[in-house]
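> Take a look and give me a structure for this.
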Amino acid sequence: MTNLLAYHNDPKIKAAILAQLQAHYDADEIVKGQYWEDGKGCAVGCTIHSGDHMEYEGRFGIPVMLARLEDCIFEGLPNHKAKKWPLRFMNAIEPGAYLSRAGWKFLYWLLTDEKVNPGISHPSVSEAVKQCADVLNPLTEGRPVDRGAAKSAASAARNAARSAARNAESAAWSAARSAAWCAESAARSAESAAESAARNAAWSAASAARNAAYVRMADKLVELIVGAR
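Here you go, the predicted structure:
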């Protein structure tokens, strides 16, 4: 895992980015659907003035997985919460915090909490989802993943998703797809897959409940960030 310290342990870096985001918020320049264009952008765009999530690591000492999760959650939140989300996210991070486990803890939570991902308990996918969650557990503790087990878990989840799709079980399909993305993230250390895992978990909720699912995700990610050491 990358050994990053948030804001490179420099409070001035945090103060500067919060001032920048506050200015964008005050000018109503935080918008959905684009990274950075004509002085407006999404959560990531208004933070780095580009769409390159990897910049979070070099500029802020924040793992790219968290940048991608911030991005995904921003697009799914109700508009009034989305506009405040970049400030809330960056403000929750303490200079010097070690955040490399927070993203994996978030993905583990996605696969174990029925409130945010109701399809995980469906009998057609529950075993495959559990297999994927078990694969993530070592990463939440800073231990290496068993890549062979992760690949097997991802394959089982994909098969479960196909079965759920054939039977028109949309919540189960979304949950299994989320599990597959999580396991693939672990197998390939591909932080980009975290975004897809979160999006599929949200789709596991009924249409009317999707905004609420993203609100829960935002709250959970902040909780994990605040608790990081």
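> tell me which element the closest residue to Gly119 other than its chain neighbours falls in.
Nearest residue to Gly119, sequence neighbours excluded (Cβ to Cβ, 6 or more residues apart in numbering): Ala175, at 3.0 Å. The C-beta positions use only the backbone N, C-alpha and C, and glycine is treated the same way. Counting by DSSP states H and E, the element that carries Ala175 is helix 170-188.
> Put the alpha carbons of the next helix or strand after that helix into PDB.
Toward the C-terminal end, the helix or strand that comes next after helix 170-188 (DSSP H and E) is helix 193-204. Written as PDB, here are the backbone C-alpha positions of helix 193-204 (Å, rounded to 0.1, in the frame of the first residue of the first chain):
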ATOM      1  CA  ALA A 193     -12.900  -0.200  -9.600                       C
ATOM      2  CA  ALA A 194     -14.100   1.300  -6.300                       C
ATOM      3  CA  GLU A 195     -16.200   3.800  -8.200                       C
ATOM      4  CA  SER A 196     -18.100   1.100 -10.000                       C
ATOM      5  CA  ALA A 197     -18.600  -0.900  -6.800                       C
ATOM      6  CA  ALA A 198     -20.200   2.100  -5.100                       C
ATOM      7  CA  ARG A 199     -22.400   2.900  -8.100                       C
ATOM      8  CA  ASN A 200     -23.600  -0.700  -8.300                       C
ATOM      9  CA  ALA A 201     -24.400  -0.800  -4.600                       C
ATOM     10  CA  ALA A 202     -26.500   2.300  -5.000                       C
ATOM     11  CA  TRP A 203     -28.400   0.600  -7.900                       C
ATOM     12  CA  SER A 204     -29.200  -2.300  -5.500                       C
END
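> Now do the buried residues in the very next helix or strand once past helix 193-204.
Scanning forward in sequence from helix 193-204 by DSSP H and E, the next helix or strand is helix 210-226. Neighbour counts using 16 or more other Cβ atoms under 10 Å place 211, 213-218, 220-222, 224-225 of helix 210-226 among the buried residues.
> mind putting these in a markdown table, pLDDT and distance to Gly39 included?
Shown next, in a markdown table, are these (pLDDT from 0 to 100; distance: Cβ to Cβ, whole Å):
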| residue | pLDDT | distance to Gly39 |
| --- | --- | --- |
| Asn211 | 84 | 27 |
| Ala213 | 87 | 31 |
| Tyr214 | 90 | 26 |
| Val215 | 93 | 28 |
| Arg216 | 93 | 32 |
| Met217 | 92 | 28 |
| Ala218 | 96 | 25 |
| Lys220 | 97 | 32 |
| Leu221 | 97 | 27 |
| Val222 | 98 | 27 |
| Leu224 | 98 | 32 |
| Ile225 | 98 | 28 |
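> so the residue nearest to Gly119 sits right up against Ala197, yeah?
No: here Ala175 lies out of contact with Ala197, judged by Cβ atoms under 8 Å, at a distance of 10.5 Å.
> Just want to know which of these two has more residues nearby.
Looking at Ala175 and Ala197 with other Cβ atoms under 10 Å, you find the greater number of neighbours at Ala175, namely 35 against 27.
> show me the contacts for the more buried one.
In this structure, Ala175 makes contact with 117-120, 122, 125, 129, 200-201, 204, judged by Cβ atoms under 8 Å, 6 or more residues apart in numbering.
> Including neighbour count, pLDDT and distance to Leu5, could those go into TSV?
Compiled in TSV, the contacts of Ala175 are given as follows (neighbours: other Cβ atoms under 10 Å; pLDDT from 0 to 100; distance: Cβ to Cβ, whole Å):
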residue	neighbour count	pLDDT	distance to Leu5
Asn117	29	87	31
Pro118	19	84	37
Gly119	28	86	37
Ile120	27	89	34
His122	20	88	41
Val125	30	89	38
Val129	29	91	33
Asn200	23	72	31
Ala201	31	70	29
Ser204	27	61	34
